[in-house]
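Enquirer: using only what follows, build the 3D model:
(4 chains)
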Protein chains: 4
Amino acid sequence: MCRWLAYSGPAIQLSGLLTRPDHSLIDQSRHARENIETTNADGHGVGWYGEDNTPGVYRDTHPAWNDANFQHLADHIHSRLFLSHIRATTGSPVQRTNCHPFTFGNWLFQHNGLLPEYGKLKRQLLFDVDPDLFPSIEGSTDSEALFYLALTFGLRDDPPAALARTIGHVERARKAAGIELPIEVSACVADGSRLWSLRYSSDNQSRTQYHSRHIHALRDIHGTYEPLPDGAVIVVSEPLDEMTDHWQAVPESSMLAIEDGKTKVMPFSPE
Amino acid sequence: MCRWLAYSGPAIQLSGLLTRPDHSLIDQSRHARENIETTNADGHGVGWYGEDNTPGVYRDTHPAWNDANFQHLADHIHSRLFLSHIRATTGSPVQRTNCHPFTFGNWLFQHNGLLPEYGKLKRQLLFDVDPDLFPSIEGSTDSEALFYLALTFGLRDDPPAALARTIGHVERARKAAGIELPIEVSACVADGSRLWSLRYSSDNQSRTQYHSRHIHALRDIHGTYEPLPDGAVIVVSEPLDEMTDHWQAVPESSMLAIEDGKTKVMPFSPE
Amino acid sequence: MCRWLAYSGPAIQLSGLLTRPDHSLIDQSRHARENIETTNADGHGVGWYGEDNTPGVYRDTHPAWNDANFQHLADHIHSRLFLSHIRATTGSPVQRTNCHPFTFGNWLFQHNGLLPEYGKLKRQLLFDVDPDLFPSIEGSTDSEALFYLALTFGLRDDPPAALARTIGHVERARKAAGIELPIEVSACVADGSRLWSLRYSSDNQSRTQYHSRHIHALRDIHGTYEPLPDGAVIVVSEPLDEMTDHWQAVPESSMLAIEDGKTKVMPFSPE
Amino acid sequence: MCRWLAYSGPAIQLSGLLTRPDHSLIDQSRHARENIETTNADGHGVGWYGEDNTPGVYRDTHPAWNDANFQHLADHIHSRLFLSHIRATTGSPVQRTNCHPFTFGNWLFQHNGLLPEYGKLKRQLLFDVDPDLFPSIEGSTDSEALFYLALTFGLRDDPPAALARTIGHVERARKAAGIELPIEVSACVADGSRLWSLRYSSDNQSRTQYHSRHIHALRDIHGTYEPLPDGAVIVVSEPLDEMTDHWQAVPESSMLAIEDGKTKVMPFSPE
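Expert: Take a look at the predicted model:
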């Protein structure tokens, strides 16, 4: 399974969260603590918003910890809103087009999770993507299919509603296909100013997801990284340090919305 | 546009045709003569039959001429039936899963050509693929879609008939979509003992395709490569040397079939 | 042979010069006009200065024209001083560490040229590098060796003098080894605020090198790209457009120095 | 740290040892048991002898477990003598030229180990390589330097003596540089018919190394792989199964020589 991080707040150097902390996303990719696979070495990516409406995206298939380009970019790009992802494939090919985050227009999407027995669902779900959007699909993952379904179901107009419809649609497809294993979704989506994350699974045993609790606590750590600025929020699939009181778990079946430095947790039900 | 080569005959070292001749497939990838694009640097691949039913396949996204692995494999693999391809993308991503030859079971397929305005046809053509085959599609090219359509339309039972049905199907889809540009197909398919190639375009102005004329002629050249053995046939998108009397053009709208060292040319019409 | 570009001036989007112009560095990599090799597909790179002292560097081994990461970075990074390079190897392996620009501390270096019969010189030249610098050499090219020799001979104190000593040193090594083919150097070096370029060959038949002549001329073109800002200077191995009066050839055996928007041409002699 | 395997015996399909066994070299690369690093994802390679004097070599920088090319080659290449390696870098760049096995003429070499503080030794050790061999060095690892030192000290005439001289030479260099950390070497070398492996460390606390004990035992396992043929010997850095009585540890400070199916263990002292 994958790992991801999202940041919203005053512009910071990406390396502050991605490569420098003692337990940064890169460290996580080598030494997982809370999840199942021991390694996340099947590609990585970062998407960031700068001066333009559309995000920049860098994705590569090498392990993040030995990708000198990624180190350089993390050191030299500053951003007020960025997403980063480390991939552990469950079967689909290791290629840049299967790395997260995915982008469409001003949107970014990344995911840690699984549509079980995806081979049985793939054709149907792709067929349900808006035909005008279909040709933009570049890779072969269940995650990219989820993103395009969400775009089909109205992501650009109302993200929480679109995600509820998307998950509802996939749940119905899963049941129709007689698949008993649960869907697991820990997803994150951004439009350039706002960010939403979703924690959901069919059986209420979702993968972990956290957001930073209060930023002053982080400032007190005498660790290897800079204090975060006021108004910054981090969302992660796994905490960046051992101080668990710095991190607040996003509850089961919830969505987290971040806008102007404010976080809001909403219950989530598939529609 | 791409370039390709296929060999059928007594087992030879792959390098004899792929890397060593003065105008080998690798030379072709740097310096095109008969076709349009100046370079073929968007990936390459080779598929070969050895002791097993299923072929071995090596594909990489780097230019063939600087891929040390390819040089090594060409020097150390001997095969009685192999296909090799150099890619020049017309838009789809450069990734191994988009490199030719494609494989399914004991079959290999490679292609130099174009389904015009493929974005308008892609969704339709993919959904015409047999649902049981659909999950095996790994990449995003029109060529792989053609291969899976051919499998859907009976390639494993009757290759010439299946290719006629496939091209007929695509021609109808093209017209239904109001696409005026012609389909261009120079394809090659093998099942482990037999090999077929197809030269076709909607407007009878197909890309070039040749097969070696008679092998004794080749033996007379005092060139840089070994004489080919008796019973060997080479099919190429472009001749391997300047001696045009060594190469016989495959006629417009034809299929070439090779079995047990014998070549047969058949007229081809979409069905 | 390679191609390169350098920009100094008010901060601009990298894509303005690297990917968007009708005859951008990327176009050049596919269709060379003034130099010998037909293609530059053996890797590429860009180094840029932003808010930090040290430059960011992105290098990859795929052809620039199909590298989605490069397109994204060029669209999203703004810089007041950047270098970019497209590689055509003359033999050393295609790997990121052999791609230009090379970096050390706050310095960037890129090169189009050749030390002839480098195998005969390599060991000697590498052992002439300052032992403290030696472990930082990562790749295997003659270009990186030139950069480290220049650092050894005082690049950080007096770039023109260090380059004169470096070329003089290499010329003596070449003669001592009995190599008759000439050295060819079209190099570019930057320290974060200043930029120098060198045009030199042993036989006074150097590769081309140009700088933009006057920026107002460029502004008059009704082409595909934005006018350049005042004070901008571009140095290139080949002009970016067909308007030759926009480009001033750097004379044989000269160095060009750019600082605060001012260009100065100095005669160059190996020392 | 790395892991490796070597096979000598009647020709078998590479996949029998590399990809199919329950605890094959690929499994090892994901889930290490006896060594330190948790993952080996920084490249891999295989070198094999077939009909030619010189070996074929395939090396790639992606994790072995998701490299479809490697899976295909392992399934389709048969060899009577092959070496395979999974890399975990301790700092040098992840690139094909740094992947094992290294090759020179008919020789193959692979290594799991470390020359400590190699930055202090690198220049000296490279300088001690035979100047005629020096230009053939392509990468930047301590392992490749060891191989070229061994070639310099007579590997092609007397492998055990050359390795003793090489290690003696490196030990003297280490002491002269004031490095206190021990050298650790678990190396393997082959010439096309014979195979030698070396287990050594300065402090007699070497990394593990094993050879298959007797092949009939392996045949009794009702596991996922075929029985090995008579006369086959496997040498590994870590056993391929949990049945420790199938594997004999190579003693500290020893060399193992394999020729014509016979294994011989010799004490090893640096010279």
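Enquirer: every contact and neighbour count from this point should use C-alpha atoms.
Expert: Will do.
Enquirer: can you give me the first-to-last residue distance of stretch A:132-148?
Expert: Chord length of stretch A:132-148, first to last residue, is 11 Å (Cα to Cα, to the nearest Å).
Enquirer: and chain C, is it touching that?
Expert: No. Using Cα under 8 Å from any Cα of the partner chain, stretch A:132-148 stays clear of chain C, coming no nearer than 11.9 Å.
Enquirer: give me the buried positions along that stretch.
Expert: A:134-135, A:137-148 (16 or more other Cα atoms under 10 Å in any protein chain shown).
Enquirer: would you turn the residues you listed into JSON lines with distance to B:N69?
Expert: Rendered in JSON lines, the data for the buried residues of stretch A:132-148 read as follows (distance: Cα to Cα, whole Å):
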{"residue": "A:F134", "distance to B:N69": "36"}
{"residue": "A:P135", "distance to B:N69": "33"}
{"residue": "A:I137", "distance to B:N69": "31"}
{"residue": "A:E138", "distance to B:N69": "27"}
{"residue": "A:G139", "distance to B:N69": "26"}
{"residue": "A:S140", "distance to B:N69": "26"}
{"residue": "A:T141", "distance to B:N69": "28"}
{"residue": "A:D142", "distance to B:N69": "32"}
{"residue": "A:S143", "distance to B:N69": "32"}
{"residue": "A:E144", "distance to B:N69": "32"}
{"residue": "A:A145", "distance to B:N69": "34"}
{"residue": "A:L146", "distance to B:N69": "37"}
{"residue": "A:F147", "distance to B:N69": "37"}
{"residue": "A:Y148", "distance to B:N69": "37"}
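Enquirer: for A:Q95, give me phi and psi.
Expert: phi -150, psi 160 (degrees, to the nearest 10).
Enquirer: that one contacts B:N98, doesn't it?
Expert: No. At 10.4 Å, A:Q95 and B:N98 do not qualify as touching, with contact defined as Cα atoms under 8 Å.
Enquirer: which one's more surrounded, the two?
Expert: Just comparing A:Q95 and B:N98: by other Cα atoms under 10 Å in any protein chain shown the higher neighbour count belongs to B:N98, 25 against 21.
Enquirer: ok, and the closest non-adjacent residue to that one?
Expert: Spatial nearest neighbour of B:N98, excluding adjacent residues (Cα to Cα, 6 or more residues apart in numbering or on different chains): B:G139 at 5.1 Å.
Enquirer: residue contacts, the one you found?
Expert: B:G139 is in contact with A:G139, A:S140, B:T97, B:N98, counting by Cα atoms under 8 Å, 6 or more residues apart in numbering or on different chains.
Enquirer: likewise for A:G113?
Expert: For A:G113, the contact set (Cα under 8 Å, 6+ apart) comprises A:M1, A:C2, A:S143, A:I183, A:E184, A:V185, A:S186, A:A187, A:R207.
Enquirer: so of these, which ones are in strands?
Expert: Counting by DSSP state E, the part of these found in strands is A:E184, A:V185, A:S186, A:A187.
Enquirer: can I get those in a markdown table including distance to chain D, neighbour count and pLDDT?
Expert: Shown next, in a markdown table, are the ones in strands among the contacts of A:G113 (distance: Cα to the nearest Cα, whole Å; neighbours: other Cα atoms under 10 Å in any protein chain shown; pLDDT from 0 to 100):
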| residue | distance to chain D | neighbour count | pLDDT |
| --- | --- | --- | --- |
| A:E184 | 23 | 21 | 93 |
| A:V185 | 23 | 23 | 94 |
| A:S186 | 24 | 25 | 94 |
| A:A187 | 24 | 23 | 96 |
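Enquirer: of the residues you listed, which is the nearest to chain C?
Expert: Nearest to chain C among the ones in strands among the contacts of A:G113 is A:A187, at 22.9 Å by Cα to the nearest Cα.
Enquirer: ok, that closest one touching A:N112?
Expert: Yes. Using Cα under 8 Å, A:A187 is in contact with A:N112, at 6.2 Å.
Enquirer: residues contacting the closest residue to A:R207 other than its chain neighbours?
Expert: Once flanking residues are discounted, A:R207 sits nearest to A:S186: 6.7 Å by Cα to Cα, 6+ apart. Residues near A:S186 by Cα under 8 Å, 6+ apart: A:H111, A:N112, A:G113, A:S197, A:L198, A:R199, A:Y200, A:S206, A:R207, A:T208, A:Q209, A:S237.
Enquirer: which one of the buried residues of stretch A:132-148 is nearest C:V233?
Expert: A:E138 (38.4 Å; Cα to Cα).
Enquirer: tell me the secondary structure for the residue lying closest to the closest one once chain neighbours are set aside?
Expert: Leaving aside its sequence neighbours, A:E138 sits nearest to A:T97 (Cα to Cα, 6+ apart; 5.9 Å). Classification of A:T97 using DSSP: H, G, I helix; E, B strand; the rest coil returns helix.
Enquirer: please pull out the lowest mean pLDDT helix or strand from chain A.
Expert: When each helix and strand of chain A is scored by mean pLDDT, DSSP states H and E, helix A:215-220 comes last, with a mean of 52.
Enquirer: would you tell me what the next helix or strand after that helix is?
Expert: Downstream of helix A:215-220, the next assigned helix or strand under DSSP states H and E is strand A:233-236.
Enquirer: lovely, talk soon.
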